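Undergrad: Give the three-dimensional model of this entry:
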Amino acid sequence: MRLVIFAYSRQGCETALRVKGALRAPADECRCYASEKYAGGEFEPILSPCSRFTGPLFAWADALVFVGAVGIAVRSIAPYVRDKRTDPAVLGVDELGKFVIPLLSGHIGGANALAEQLAGALGAIPVVTTATDINGRFSVDAWAARQGLAITNMHAAKEVSAAILERNVPLCCDFPIAGELPPGTEPGELGDVGICISWRKRKPFAETLLLVPPVLHLGLGCRRGAPVERIRQAVEQVMTGHKIHPKAVKCAASIDLKRDEEGLLAYCAERGWPVSFYGADQLAALEGDFTPSERVLRVTGVDNVCERAAMVGADRLVVRKTAHNGVTVALAEERWEARFPG
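TA: Below is the predicted model:
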């Protein structure tokens, strides 16, 4: 966790050091700042104007903790607040360490959980104000963030959170469920608003909050020199045909003969998918039912590239070899389960 701590008085600096110790951020990922009068030692000076000084730190950090008046924190971050999906957690702590207040990104950014953790370490009172938390209902966006799921529609997330305060909301899941469904939810696939956990583009409810786990491995094969446009077209044709949400793809893979294929590398970079390459012996050693090709065997030394590459680190094929204009595509799924309370 990349952490920034601000302090504005001598007592505030003492409390800031307690905060640093409690959160145990690695030294190279923790930056402490104090008003120029109190800077020195572990504290670098806060330069004026404070709000402009805060901007680059707001972009860098996973969490910012302001030890002092909440108003200072609000004024410092105000120009940079953009989106709850990307804004860092922001917390306020009074200089005596009596109260810990999550100010921004309580759920997705983890500020509420961080406040509970920090309050426990300081012997302070966490002042959590989000409605689902104080009413003991399911905070779907916080849970999704902890589970590493993509929240595909923030409007739907708001609708679900509002509905959960009034009644139980239906939840359907394409994966095994570990534990009891959380308060505010019930099994179901019908209704005006609901939660769906799937790697497919599904919309069982009039307003569907689709949560997508990154569990798919994309296996790729291609003829030498295949351009990025051809690879993009082949992959997106498969994704569309099987209604696969792109956020479900965790990584891509191919044979090491393709590690210098510019089109393949460019497409994976465009999508933000890490890509790995494996030797023919590694791919051939995988057990399973794969679609063989004599031509591929002669050229690469293994009977199938895309299916075998997709299965490295995965558990089952969900899309078999699909060929399009010199590009082959396959997808495999990791084993995953929805854990509650999580």
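
Undergrad: Tell me which stretches of this structure form helices.
TA: 10-23, 50-60, 70-77, 111-122, 131-134, 140-147, 154-164, 228-241, 262-271, 280-284, 294-300, 306-311 (DSSP state H).

Undergrad: what comes up buried for stretch 54-61?
TA: If you call a residue buried by 16 or more other CB atoms under 10 Å, then stretch 54-61 has these buried ones: Thr54, Leu57, Phe58, Ala61. Placement of C-beta: from N, CA and C, glycine included.

Undergrad: what's the closest non-adjacent residue to the third one?
TA: Just to be clear, that refers to Phe58. Tyr80 (4.4 Å; CB to CB, 6 or more residues apart in numbering).

Undergrad: rewinding a little: right, and the helices of the chain - which one's nearest Ala252?
TA: Across those, Ala252 has its closest neighbour in helix 262-271 (4.9 Å, CB to CB).

Undergrad: Quick one: work out the angle between the closest one and helix 228-241.
TA: Helix 262-271 runs at 50 degrees relative to helix 228-241, counting by axes from the mean of the first three to the mean of the last three CA atoms, to 10 degrees.

Undergrad: which helices and strands does helix 262-271 pack with?
TA: The helices and strands touching helix 262-271, judged by 3 or more CB pairs under 8 Å, 6 or more residues apart in numbering; DSSP states H and E, are strand 216-222, helix 228-241, strand 249-255, strand 275-278.

Undergrad: tilt between the longest strand anywhere in the chain and helix 228-241?
TA: When the chain is parsed with DSSP state E, its longest strand is strand 316-324. Counting by the same axes, to 10 degrees, strand 316-324 points 130 degrees away from the direction of helix 228-241.

Undergrad: Out of the helices of the chain, which is the most enclosed?
TA: helix 306-311 (a mean of 28; mean count of other CB atoms under 10 Å).

Undergrad: Mean confidence (pLDDT) on that one, please.
TA: Across helix 306-311, pLDDT averages out at 98.

Undergrad: what do you get for stretch 37-47?
TA: Per-residue scores along stretch 37-47 average to 93.

Undergrad: Check which residues of that stretch are buried.
TA: Within stretch 37-47, the residues that count as buried by 16+ other CB under 10 Å are Tyr38, Ala39, Glu42, Phe43, Ile46.

Undergrad: ok, now stretch 90-103?
TA: Val90, Leu91, Gly92, Val93, Asp94, Glu95, Gly97, Phe99, Val100, Ile101, Pro102, Leu103.

Undergrad: Among the residues you listed, which one lies nearest to Gly136?
TA: Nearest member of the buried residues of stretch 90-103 to Gly136, counting by CB to CB, is Pro102, at 17.1 Å.

Undergrad: about what we covered before: show me the one of the helices and strands packed on helix 262-271 that comes nearest Gly342.
TA: Nearest of the helices and strands packed on helix 262-271 to Gly342, taken as CB to CB: strand 249-255 at 18.8 Å.

Undergrad: What is the closest one packed up against?
TA: So strand 249-255, by 3+ CB pairs under 8 Å, 6+ apart, packs with strand 216-222, helix 262-271, strand 275-278, helix 306-311.

Undergrad: List of residues touching the first one?
TA: This means strand 216-222. 199, 230-231, 235, 244, 248-255, 258, 261, 263-264, 273, 296, 305-314, 318, 326-334 (CB atoms under 8 Å, 6 or more residues apart in numbering).

Undergrad: Distance check, the residue nearest the centre of the chain against Gly342.
TA: In the chain, the residue lying closest to the centroid (CA atoms, centre = their mean) is Gly148, at 4.4 Å. Gly148 sits 10 Å away from Gly342, going by CB to CB, to the nearest Å.

Undergrad: Over to Glu307?
TA: Going from Glu307 to Gly342 by CB to CB gives 32 Å.

Undergrad: So what touches the longest strand of the chain?
TA: 216, 233-234, 237-238, 242, 244, 288, 291, 304, 306-307, 310-311, 328-333.

Undergrad: mind running it again at 7 Å?
TA: Outside strand 316-324, the residues that touch it by CB atoms under 7 Å, 6 or more residues apart in numbering are 233-234, 237-238, 242, 291, 304, 306-307, 310-311, 328-333.
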